[in-house]
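Asker: got a structure for you, letters missing:
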């Protein structure tokens with residue numbers, strides 16, 4: 001039997017779906033998904049956006065403890081629904097990018113990196129279309145995620161191009177300094193792509209703005225100190241030794257102010273995030289690159305690294321983490337450092353361990369990061385001192401880097417006099433090179 005061109009079963013299901021959605025008790029997450037699945041059969045376009053949103057709610061409110069594989073099946077359905085949503089929806093770009101973002105994260109979590117990167121490229125395309133239609137906000141994650149994915153695969157010039165494309169739109173509308181993170185990421189990618197001069201120009205623009213903000217206490221002294229550390233290293237790589245020395249002297253003056261009077265006002269946890277990103281970015285050349293092996297996008301906060309790569313980066317270090325003690329299993333950096341008899345190699349390993357430890361605890365522990373992180377930096381300085389005592393030529397740069405690293409985390413931890421002692425020694429060593 002048919003009712004209005006529909007079979008009886010289909011008509012009854014559609015009636016149930018509409019009734020459950022407008023009922024006074026409100027549908028459960030599962031009922032909402034089921035209802036929209038039914039309604040998309042009768043009106044293919046009209047309910048696709050609703051189905052995509054309902055599936056995301058089911059995944060992240062009702063299925064937080066589900067396995068990645070279980071989530072993936074629902075996310076594939078949500079992605080298809082978002083793709084098939086009405087093209088005249090004024091917020092379609094946001095829906096597509098948000099849904100695909102959840103999808104690609106799960107693909108990466110499962111180690112399916114090639115597929116994850118392809119979805120990020122699709123996000124970038126959706127971002128461009130949304131920009132052209134006048135959308136702003138969440139859609140920006142399309143180009144941003146694409147750039148981060150390219151960076152992890154070593155395609156640094158392409159990553160820099162994607163970030164430049166994003167900033168060409170967002171920077172002129174940046175009322176809340178949100179674009180600073182993308183500009184820092186762009187600086188890191190330009191440096192990694194072998195363009196230190198352009199990287200210097202990008203970071204100099206941030207520094208010029210920050211110097212102006214210092215006069216009105218709109219930015220912390222420690223933030224500017226950390227940025228100047230990175231700027232000095234970039235200037236060195238660009239062959240601008242005098243400008244690099246000037247940046248280091250400016251950083252030293254800021255640290256003297258901090259040691260004398262502290263920060264002029266209390267800041268939020270933003271400073272720990274900023275310190276962690278710049279700690280990793282300024283030490284990126286300490287991490288050897290293996291052809292064909294993905295690396296984190298240094299210059300990006302660890303929460304935005306792909307999940308599988310972030311886990312590998314910290315797990316292969318062997319460092320203590322919140323949910324696990326330090327690991328003595330073979331072939332971790334910690335195990336290699338414990339067995340390494342050669343001082344140059346030991347100093348290099350200890351520095352990598354220190355940076356990874358600092359990045360982890362600044363990310364996961366906020367203001368309580370210093371106690372678990374500092375011992376690794378002490379070990380790095382000790383190894384570099386031994387190397388410096390053995391051979392000044394190779395040991396001096398190692399000790400300068402180790403002392404500067406420790407000065408950065410001591411500054412982030414508000415131990416300014418100790419940080420000043422380290423950084424002053426580093427600059428004294430630098431002046432004798």
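Answerer: Alright, I've got the coordinates. In this text, all values refer to a predicted model and were calculated from it rather than measured experimentally. Numbers count the residues shown, from 1 in each chain.

Asker: from here on, contacts and neighbour counts on C-alpha atoms
Answerer: Fine.

Asker: tell me the SS of residue 319?
Answerer: Look at residue 319: counting by DSSP: H, G, I helix; E, B strand; the rest coil, its state is coil.

Asker: got a list of what it touches?
Answerer: Listed by C-alpha atoms under 8 Å, 6 or more residues apart in numbering, the contact set of residue 319 reads 325, 326, 327, 334, 353, 357.

Asker: Kindly reformat those as CSV and extend each row with distance to residue 191.
Answerer: Shown next, in CSV, are these (distance: C-alpha to C-alpha, whole Å):
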residue, distance to residue 191
325, 35
326, 32
327, 33
334, 28
353, 22
357, 23
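
Asker: Including pLDDT, distance to residue 148 and secondary structure, could these go into CSV?
Answerer: Below are these laid out as CSV (pLDDT from 0 to 100; distance: C-alpha to C-alpha, whole Å; DSSP: H, G, I helix; E, B strand; the rest coil):
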residue, pLDDT, distance to residue 148, secondary structure
325, 87, 30, coil
326, 89, 29, coil
327, 85, 29, coil
334, 95, 28, helix
353, 98, 23, helix
357, 97, 22, helix
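
Asker: So which of those is the closest to residue 164?
Answerer: Closest to residue 164 out of the contacts of residue 319 is residue 357 (30.9 Å), distances taken as C-alpha to C-alpha.

Asker: tell me, how many neighbours does the closest one end up with?
Answerer: The local packing of residue 357 (other C-alpha atoms under 10 Å) involves 25 other residues.

Asker: do you know how far it is from residue 333?
Answerer: Look at residue 357 and residue 333: by C-alpha to C-alpha, to the nearest Å, they are 11 Å apart.

Asker: Check residue 133 too.
Answerer: 49 Å.

Asker: Neighbour count for those two, which is higher?
Answerer: Relative neighbour count places residue 333 above the other of residue 133 and residue 333, with 22 against 14, counting by other C-alpha under 10 Å.

Asker: Need phi/psi at the residue most central in space within the chain.
Answerer: Note on the chain: the residue nearest the mean C-alpha position is residue 301, at 2.5 Å, using C-alpha atoms, centre = their mean. Here is the backbone geometry of residue 301 (degrees, to the nearest 10): phi -60, psi 140.

Asker: Neighbours of the nearest residue to it once chain neighbours are set aside, how many?
Answerer: Spatial nearest neighbour of residue 301, excluding adjacent residues (C-alpha to C-alpha, 6 or more residues apart in numbering): residue 277 at 5.6 Å. When neighbours are counted by other C-alpha under 10 Å, residue 277 registers 22.

Asker: And for residue 363?
Answerer: If we define neighbours as other C-alpha under 10 Å, then residue 363 has 20 of them.

Asker: thinking it is in contact with residue 273, fair?
Answerer: Yes. Applying C-alpha atoms under 8 Å as the test, residue 363 and residue 273 come out as touching, 6.5 Å apart.

Asker: joint contacts of those two?
Answerer: With C-alpha under 8 Å, 6+ apart, residue 363 and residue 273 have common neighbours residue 301.

Asker: on that earlier part again, confirm for me that the residue nearest to residue 301 is in contact with residue 300.
Answerer: Yes. Contact criterion C-alpha under 8 Å: residue 277 and residue 300 qualify, at 6.1 Å.

Asker: Tell me where the stretch 301-433 of the chain is predicted with low confidence.
Answerer: Within the stretch 301-433 of the chain, the stretches with pLDDT under 70 are 433.

Asker: residue ranges of the helices in it, please?
Answerer: Ranges of helices within the stretch 301-433 of the chain are 307-315, 333-339, 343-365, 370-390, 392-412, 416-431, based on DSSP state H, counting those that start in this stretch.

Asker: okay if I get these as TSV plus distance to residue 245?
Answerer: Shown next, in TSV, are those (distance: least, C-alpha to C-alpha, whole Å):
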stretch	distance to residue 245
helix 307-315	33
helix 333-339	32
helix 343-365	23
helix 370-390	22
helix 392-412	14
helix 416-431	9
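
Asker: Quickly check the contacts of residue 319 for the two that are furthest apart.
Answerer: 325 and 353, at 14.7 Å, using C-alpha to C-alpha across the contacts of residue 319.

Asker: Among these two, which residue is more densely surrounded?
Answerer: A side-by-side neighbour count of residue 325 and residue 353, using other C-alpha under 10 Å, places residue 353 first with 25 against 10.

Asker: all strands of this protein, in order?
Answerer: Secondary structure of the chain by DSSP state E: the strands cover 2-3, 6-7.

Asker: Just give me the lowest mean pLDDT stretch among the ones you listed.
Answerer: Across the strands of the chain, strand 2-3 has the smallest mean pLDDT, namely a mean of 44.

Asker: Roughly how far does the residue nearest to residue 414 when sequence neighbours are not counted sit from residue 205?
Answerer: Of all residues not flanking residue 414 in the chain, residue 262 sits nearest, at 7.9 Å (C-alpha to C-alpha, 6+ apart). Relative to residue 205, residue 262 is positioned 26 Å away (C-alpha to C-alpha).

Asker: The two: who's more crowded?
Answerer: residue 262 (17 against 11).

Asker: shouldn't the more buried one be in contact with residue 416?
Answerer: Yes. Residue 262 is within contact range of residue 416, at 7.5 Å (criterion: C-alpha under 8 Å).

Asker: got any ranges where the stretch 1-150 of the chain has weak pLDDT?
Answerer: 1-9, 11, 24, 62-65.

Asker: Okay, helices next: where are they in it?
Answerer: Using DSSP H, counting those that start in this stretch, the helices found in the stretch 1-150 of the chain span residues 8-22, 29-42, 48-57, 68-83, 92-109, 113-132, 141-152.

Asker: highest average neighbour count across those helices?
Answerer: helix 141-152 (a mean of 26; mean count of other C-alpha atoms under 10 Å).

Asker: if we look at that one, which residues are touching it?
Answerer: 97, 101, 117, 120-128, 156, 158-160, 162-163, 166, 182, 189, 294-297, 300, 304-306.

Asker: if you set the cut-off to 7 Å instead, what comes out?
Answerer: Outside of helix 141-152, the residues within contact range by C-alpha atoms under 7 Å, 6 or more residues apart in numbering are 97, 117, 120-121, 123-124, 126-127, 156, 158-159, 162-163, 166, 294-297.
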